[in-house]
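J.: sequence-free structure coming up:
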């Protein structure tokens, strides 16, 4: 199965499984990060004014440039009062939020923006049906009964770029599906 077919499935799965395995790395080691070509500051210094979640490190500004937390506040009805912090790695940023009765580790919006040589024009996914929302794609429904529970817990966004793509995994406890559709217009 190709990376193009696997990616949308991993979008909905937990970040530790989806992105911890180094999935989707096709960029050359000496190339700038994927976000540098999209107006990001590939290789920019870590921010000094971020609010880190737990013992995690702050997100790379090149990743947060694709979906700033302020856009999440506006689209999903969150605020500084519910924002618990961010946890980042080279290509991934998780924004964690406080939701009553939920574990903070489960209430997040994750942005993944890896460099990729060949970027498809739309997601090719055997498990989920996607619909176009502006310049991005939104998970619409599960194609199999096994994938249906994932749709209850999160909504996916996917947007192609030149030399990169951006995917968002939004917990439905933080951002309802209709709110996630609004969030699609904030992707860069």
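T.: Great, that's in hand. Quick caveat: nothing in here was measured; it's all calculated off a predicted structure.

J.: can I assume residue 117 is in contact with residue 163?
T.: Yes. Judged on C-beta atoms under 8 Å, residue 117 makes contact with residue 163 at a distance of 7.4 Å. The C-beta positions use only the backbone N, C-alpha and C, and glycine is treated the same way.

J.: compare these two (neighbour count), which wins?
T.: Neighbour totals were compared for residue 117 and residue 163, and residue 163 leads with 20 against 9 (other C-beta atoms under 10 Å).

J.: I'd guessed the more buried one sits against residue 118; true?
T.: No. Between residue 163 and residue 118 there is no contact, the gap being 9.4 Å when judged by C-beta under 8 Å.

J.: for stretch 123-135, measure first residue to last.
T.: 13 Å (C-alpha to C-alpha, to the nearest Å).

J.: got it, and stretch 57-64?
T.: 13 Å.

J.: equivalent analysis for stretch 128-137, please.
T.: Terminal residues of stretch 128-137 are spaced 11 Å apart (C-alpha to C-alpha).

J.: and that stretch, how far out from the chain middle?
T.: Between the centre of stretch 128-137 and the centre of its chain there are 14 Å (C-alpha atoms, centre = their mean, to the nearest Å).

J.: do stretch 169-179 as well
T.: On C-alpha atoms, centre = their mean, the centre of stretch 169-179 falls 12 Å from that of its chain.

J.: count the neighbours of residue 155 for me.
T.: By other C-beta under 10 Å, neighbour count at residue 155 equals 28.

J.: for residue 188, see how far away it is.
T.: Distance of residue 155 to residue 188, given as C-beta to C-beta, to the nearest Å: 19 Å.

J.: ditto for residue 112
T.: In terms of C-beta to C-beta, residue 112 sits 14 Å off from residue 188.

J.: same question, residue 81
T.: With C-beta to C-beta as the criterion, residue 81 and residue 188 are 26 Å apart.

J.: can you find the helix or strand of this structure with the lowest average pLDDT?
T.: Ranked by mean pLDDT, DSSP states H and E, the weakest helix or strand in the chain is helix 15-18, scoring a mean of 32.

J.: how about the contacts made by residue 74?
T.: Counting by C-beta atoms under 8 Å, 6 or more residues apart in numbering, residue 74 makes contact with residue 186.

J.: need the helices for this structure, in chain order.
T.: 3-12, 15-18, 61-64, 69-76, 148-153, 177-183 (DSSP state H).

J.: what's the least confident stretch among the ones you listed?
T.: Lowest mean pLDDT within those: helix 15-18, a mean of 32.

J.: tell me how far residue 113 lies from residue 172.
T.: 22 Å.

J.: give me the number of residues near the closest residue to residue 88 other than its chain neighbours?
T.: Spatial nearest neighbour of residue 88, chain neighbours left out: residue 59 (3.1 Å); criterion: C-beta to C-beta, 6 or more residues apart in numbering. Number of residues near residue 59 (other C-beta under 10 Å) recorded here: 26.
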